[in-house]
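> Fold the following and give me the result.
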Amino acid sequence: MSILLLLVPLALMLLIVAIAAFAWAVRGGQFEDLETPALSILADDEPPVANESPERRDDA
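Numbering: from 1, shown residues only. From the prediction side, this is the model:
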């Protein structure tokens with residue numbers, strides 16, 4: 001029964017830390033734009049430039 005004297009305050013402190021982290025993320029704008037990151041995977045990459053020459057290495 002004495003373990004409850006340790007676990008209940010520890011759980012309450014953990015809850016306060018979680019709420020504070022969530023509030024900090026909301027104030028920081030982490031949840032403002034939920035659609036753009038999901039759509040960025042659908043965007044085409046830029047085509048490679050054909051005039052670029054590969055780098056040469058001299059191992060001599």
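> tell me the strands in the chain, going along the chain?
Assigned by DSSP state E, the chain shows no strands.
> mind checking pLDDT for the residue nearest the centre of it?
Among the residues of the chain, residue 30 comes closest to the average C-alpha position under C-alpha atoms, centre = their mean, at 9.1 Å. The score at residue 30 is 87. That number is its pLDDT.
> That one and residue 22, how far apart?
Taken as C-beta to C-beta, to the nearest Å, the spacing of residue 30 relative to residue 22 amounts to 9 Å. Quick note: C-beta positions are derived from backbone N, CA and C, even for glycine.
> Please apply the same query to residue 38.
Distance of residue 38 to residue 22, given as C-beta to C-beta: 21 Å.
> the more surrounded of those two?
For the pair residue 38 and residue 22, the greater number of neighbours falls to residue 22 (12 against 9), based on other C-beta atoms under 10 Å.
> just for the protein, where's the confidence low?
Regions of the chain meeting the criterion pLDDT under 70 cover residues 52-60.
> which residues sit in contact with residue 31?
With contact set as C-beta atoms under 8 Å, 6 or more residues apart in numbering, residue 31 has these partners: residue 25.
> same check, this time on residue 51
Taking C-beta under 8 Å, 6+ apart as the criterion, residue 51 is in contact with no other residue.
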